[in-house]
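Student: Coordinates for the following, if possible.
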Amino acid sequence: MNRDQVSGTAKDIAGKAQQKVGEATGDLGQQVKGVGKQIEGKVQKGVGNVENAADNTADRADDRR
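Tutor: I've put the predicted structure just below:
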């Protein structure tokens, strides 16, 4: 895993927690912020996945030379 994958996963988990706290307290603002953080985390993790795939592809291309 690369840094973006780890950070993205952490943001996603934090966002889920924030959303649940908002649900428990009836705070719609916290719920919305939590969902936003989850989306941000998923996007960042996706970027990390793309970077990882590109690195793996480059490594395989180097191995074929």
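Student: So which elements touch the longest helix seen in the chain?
Tutor: What stands out as the longest helix in the chain, according to DSSP state H, is helix 28-64. Judged by 3 or more C-beta pairs under 8 Å, 6 or more residues apart in numbering; DSSP states H and E, the packing partners of helix 28-64 are helix 3-25. (Each C-beta comes from the backbone N, C-alpha and C, glycine too.)
Student: List the buried residues of the helix it packs on.
Tutor: Residues of helix 3-25 classed as buried: 4, 5, 7, 8, 9, 11, 12, 15, 18, 19, 22 (neighbour count, 16 or more other C-beta atoms under 10 Å).
Student: Tell me, how many residues neighbour residue 29?
Tutor: 8 (other C-beta atoms under 10 Å).
Student: Run through the residues that contact it.
Tutor: residue 22 (C-beta atoms under 8 Å, 6 or more residues apart in numbering).
Student: any idea how far residue 58 is from it?
Tutor: 44 Å (C-beta to C-beta, to the nearest Å).
Student: same check, this time on residue 12
Tutor: Distance of residue 12 to residue 58, computed by C-beta to C-beta: 27 Å.
Student: and if you look at residue 17?
Tutor: Distance from residue 17 to residue 58, counting by C-beta to C-beta: 36 Å.
Student: hmm, back to that, if we go by neighbour counts, what in the longest helix of the chain is buried?
Tutor: For helix 28-64, the neighbour count (16+ other C-beta under 10 Å) marks 30, 31, 33, 34, 37, 38, 40, 41, 44, 45, 48 as buried.
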